[in-house]
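*Asks:* just the structure for this:
(chains A and B)
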Number of protein chains: 2
Amino acid sequence: MFKYLVSDIHILCLLKFCSADSIERAFQILDQIPGRATGAYSHSQGIKGLRDTIASGIEARDGYPADPNDIFLTDGASPAVHMMMQLLIRSEKDGILCPIPQYPLYSASITLHGGTLVPYYLDEATGWGLEISELKNQLEAAKSKGISIRALVVINPGNPTGQVLSESNQKEIVEFCKKEKLVLLADEVYQENIYVPDKQFHSFKKVSRTMGYGEKDISLVSFQSVSKGYHGECGKRGGYMEVTGFSPDIREQIYKVASVNLCSNISGQILASLVMSPPKVGDESYESYFAEKDAILSSLAKRAKTLEAALNSLEGVTCNRAEGAMYLFPRIELPKKAIEAAKSANKAPDAFYAARLLDATGIVVVPGSGFRQVPGTWHFRCTILPQEDRIPAIVTRLTEFHKGFMDEFRD
Amino acid sequence: MFKYLVSDIHILCLLKFCSADSIERAFQILDQIPGRATGAYSHSQGIKGLRDTIASGIEARDGYPADPNDIFLTDGASPAVHMMMQLLIRSEKDGILCPIPQYPLYSASITLHGGTLVPYYLDEATGWGLEISELKNQLEAAKSKGISIRALVVINPGNPTGQVLSESNQKEIVEFCKKEKLVLLADEVYQENIYVPDKQFHSFKKVSRTMGYGEKDISLVSFQSVSKGYHGECGKRGGYMEVTGFSPDIREQIYKVASVNLCSNISGQILASLVMSPPKVGDESYESYFAEKDAILSSLAKRAKTLEAALNSLEGVTCNRAEGAMYLFPRIELPKKAIEAAKSANKAPDAFYAARLLDATGIVVVPGSGFRQVPGTWHFRCTILPQEDRIPAIVTRLTEFHKGFMDEFRD
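*Replies:* Coordinates of the predicted model:
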């Protein structure tokens, strides 16, 4: 008991409110931090003990070994993506294959670092399917313009599109990257957010290992975050990337870039380790943890279903199934008069619709043009995050607005 | 009392251990955070209420108005410096004037963003003085090579050199930047770390305002951090930059770059607000706060003095006064034989000395070549951070090592 006596007196206080395993875990984490100095800089890749925990979590998830030296802890997933773009892009002749629609972090980061975004279109008709033939066509087209493709970004589950890739599709993607010698940048931050029984999350690392591919066969970066899942602690800025299949001299460069900002914040590092090592069966806190996790994820699934049905019932709107992530990305056929009105207002038609919706109802959706889309089609991204008991009212207001909008601009 | 009842029960616990004003402050901060959601993303510049607090702190420090909309909260000062370099540098034809010796964040960031570091040398003979004539010469020399100088970096108090600029020198610098239309990047992270009675910290913003220069006269960025001062909470990654004298369209670009990473971590944001608004006279915690602050800063001053004297007593070593920051940067005249031995070991002579010191004593110093220095001179950076009671033993070991080293390599 001695170790609890003085500096940890505030933790003693929590004895009354916290489970034995969470208190034990807190002390384990303190002991993993050199000198228990949570206020000190850490190793630029993050605290070694926390990386050990994360590597064990990845092993438990995938069934394949993970090396703590492959983990780089970061202030959320965004700085990790930037770091890789900075390392991959040398000039505007370097291209990064990105899904369209895409999360705008990718277009912004590629632009900031002076590279070229090479788009591949997800197929809305097949539930935002990722066709290898499309990847090949875009790669060849880019090559013929003198662009050298360095990497392929895959967001799985998809943002803003909410689809979950099948394992067989993932295998094709791995094969494609291996053959074309592309770095596979796997945005896997929504790995816990899957809402349909016929889909499961498989990490690209696991998929490539099941294909018999190891360190020498494919260069792979997996991004993870504490901002998504059932925890959603986005303000804490915690995340990591797992970097495999790079030569020691490239690893050295990744480490150098990571070192420039010294280290990521320690609270975020701790949270990232917790996300990858939740309470286990037998722990005192397991039941309440599991109940909370289950309640959050099943509520998200219900909200997704309700919103999906509501959107599909609107005139001119079609919405793919929300399999995962936190979004729906419905397509909207806008009347010609609405498109003309948008033009007069100097707005993209979907931005015009979204602004009108916001003004009329207070509901915020993000216009599809912010994520890019097949030219001539219009979409918006709608999160499934509003509280469950508010969803019916939101549906009512959205439905009323939409009817009024369509009536106003009907051809 | 109602508001304390349920979710804040852990704070109630602290009632026993914390002063009334610190608990009051905790609730104030919670109320500044929309929905008290410390786990949510914030505005990309940081939580508005915290920026209000920081702006008030700047006003109290400088005696001139500060605008919360000029504050960008960041994960420590380093990302803020990167952000500005990213915005300022368009190509290798863009130059940034940097002090030599300099903190290597600057050389690394300029290299990463593809710009040119234009060095100006601090004058060791005048206590690392900053001569305007040197600035002018370097600017002209760079211009004649087709380099367009965009900004001037000043680190005050200096890192690694520990000098504190005089107000009159700061005025010359402001005048120079105004005349040459340079952005003044003022690294002011050591503003609390001043150890000599004849020097004081003046922010560059205050100096420019006392000269009658406002928003339209000079573009100025001041960097501050929670990692230095008497708090030293570097693992929390908190900091901010105050950005003044930019046009709205450039401000828009700064905001856009800040938005790419969504926001800085909320705990770091809160700490940054605390650093800029410490307890005040009359607060219950004021006395203990002030006693702790005073003890830390006067101990640092004593350590600096002891180390400075010890270094100056070594054969061939001269060390300027440690006026501020956390470092001494002694110059060392190495015997020819030591320089030859370093050459054979494929090391810079100061790196050779530092490696030998580390091997023999466990004492870590950073070779001057890591910070750049006047060619043909050798230095090392030595922090004043070891615990005060350990300093005598460190001095003994360093002195013994140095004697042995000089005897071994004496010409």
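
*Asks:* spit out the contact partners of A:Arg390.
*Replies:* Not one residue lies near A:Arg390 by CB atoms under 8 Å, 6 or more residues apart in numbering or on different chains. No exception for glycine: its C-beta is placed from N, CA and C like everyone else's.

*Asks:* tell me the secondary structure at A:Ile363.
*Replies:* Put simply, A:Ile363 is coil when judged by DSSP: H, G, I helix; E, B strand; the rest coil.

*Asks:* residues in contact with the nearest residue to it once chain neighbours are set aside?
*Replies:* Among residues not flanking A:Ile363 along the chain, A:Leu357 sits closest, at 5.6 Å (CB to CB, 6 or more residues apart in numbering or on different chains). Contacts for A:Leu357 (CB under 8 Å, 6+ apart) come out as A:Ile363, A:Val365, A:Leu398, A:Phe401, A:Phe405.

*Asks:* any idea how far B:Val81 is from A:Leu357?
*Replies:* 40 Å (CB to CB, to the nearest Å).

*Asks:* do the same with A:Glu323
*Replies:* 42 Å.

*Asks:* tell me which of these two has more neighbours.
*Replies:* Using other CB atoms under 10 Å in any protein chain shown as the criterion, A:Glu323 and B:Val81 rank with B:Val81 on top: 27 against 21.

*Asks:* mind checking the backbone torsions on A:Ile194?
*Replies:* In terms of degrees, to the nearest 10, the main-chain angles of A:Ile194 are phi -130, psi 130.

*Asks:* I'd guessed it sits against A:Gly162; true?
*Replies:* No. Contact between A:Ile194 and A:Gly162 fails when scored by CB atoms under 8 Å: they sit 10.1 Å apart.

*Asks:* so what sits against both of these two?
*Replies:* What both A:Ile194 and A:Gly162 touch, as defined by CB under 8 Å, 6+ apart, is the set A:Glu323, A:Gly324.

*Asks:* more neighbours: which of these two?
*Replies:* A:Gly162 (28 against 19).

*Asks:* list phi and psi for that one.
*Replies:* With angles defined as degrees, to the nearest 10, A:Gly162 sits at phi 70, psi 10.

*Asks:* list the contacts of it.
*Replies:* Residues near A:Gly162 by CB under 8 Å, 6+ apart: A:Trp128, A:Ala304, A:Asn320, A:Arg321, A:Ala322, A:Glu323, A:Gly324, A:Ala325, A:Met326, A:Tyr327, A:Leu328, A:Phe329.

*Asks:* and which of those is nearest to B:Ala291?
*Replies:* Nearest to B:Ala291 among the contacts of A:Gly162: A:Met326, at 49.1 Å, using CB to CB.

*Asks:* who's in contact with the closest one?
*Replies:* A:Met326 makes contacts with A:Asn159, A:Gly162, A:Tyr190, A:Asn193, A:Lys228, A:Leu300, A:Thr383, A:Ile384, A:Leu385, as judged by CB under 8 Å, 6+ apart.

*Asks:* can you rerun that using 10 Å?
*Replies:* Neighbour list for A:Met326: A:157, A:159-160, A:162, A:190, A:193, A:195, A:228-229, A:232, A:300, A:303-304, A:381-385 [criterion: CB atoms under 10 Å, 6 or more residues apart in numbering or on different chains].

*Asks:* again, but for A:Phe380
*Replies:* Taking CB under 10 Å, 6+ apart, we find A:Phe380 in contact with A:160, A:311, A:317, A:328-332, A:350-351, A:353-354, A:357, A:364-371.

*Asks:* can I have the buried ones of these as a ChimeraX selection?
*Replies:* In ChimeraX, this line selects whichever of the contacts of A:Phe380 come out buried by 16 or more other CB atoms under 10 Å in any protein chain shown:
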select /A:160,311,317,328,329,330,331,332,350,351,353,354,357,365,366,367,368,369,370,371
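
*Asks:* show me the contacts of A:Phe380 that map onto helices.
*Replies:* The helices, defined by DSSP state H, take in A:Leu311, A:Asp350, A:Ala351, A:Tyr353, A:Ala354, A:Leu357 from the contacts of A:Phe380.

*Asks:* which of those residues sit farthest apart?
*Replies:* A:Leu311 and A:Ala351 (18.1 Å).

*Asks:* wait, A:Tyr41 sits on A:Ile33?
*Replies:* No. Using CB atoms under 10 Å, A:Tyr41 is not in contact with A:Ile33; the gap is 11.3 Å.

*Asks:* who touches both of those two?
*Replies:* Common contact partners of A:Tyr41 and A:Ile33 (CB under 10 Å, 6+ apart): A:Ile266, B:Gly235.

*Asks:* quick one, which of those two is more surrounded?
*Replies:* Per other CB under 10 Å, whichever of A:Tyr41 and A:Ile33 has more neighbours is A:Ile33, with 20 against 15.

*Asks:* show me where chain A has strands.
*Replies:* Counting by DSSP state E, chain A has strands at residues A:71-74, A:94-100, A:116-121, A:148-155, A:183-187, A:220-225, A:239-244, A:317-318, A:327-328, A:331-332, A:366-367, A:380-383.

*Asks:* any chance of the ones you listed in a markdown table, plus distance to B:Ser203 and mean pLDDT?
*Replies:* As requested, the strands of chain A are exported to a markdown table (distance: least, CB to CB, whole Å; pLDDT from 0 to 100):
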| stretch | distance to B:Ser203 | mean pLDDT |
| --- | --- | --- |
| strand A:71-74 | 31 | 98 |
| strand A:94-100 | 41 | 96 |
| strand A:116-121 | 41 | 95 |
| strand A:148-155 | 43 | 97 |
| strand A:183-187 | 41 | 98 |
| strand A:220-225 | 36 | 98 |
| strand A:239-244 | 34 | 98 |
| strand A:317-318 | 55 | 94 |
| strand A:327-328 | 44 | 94 |
| strand A:331-332 | 52 | 95 |
| strand A:366-367 | 40 | 94 |
| strand A:380-383 | 42 | 93 |
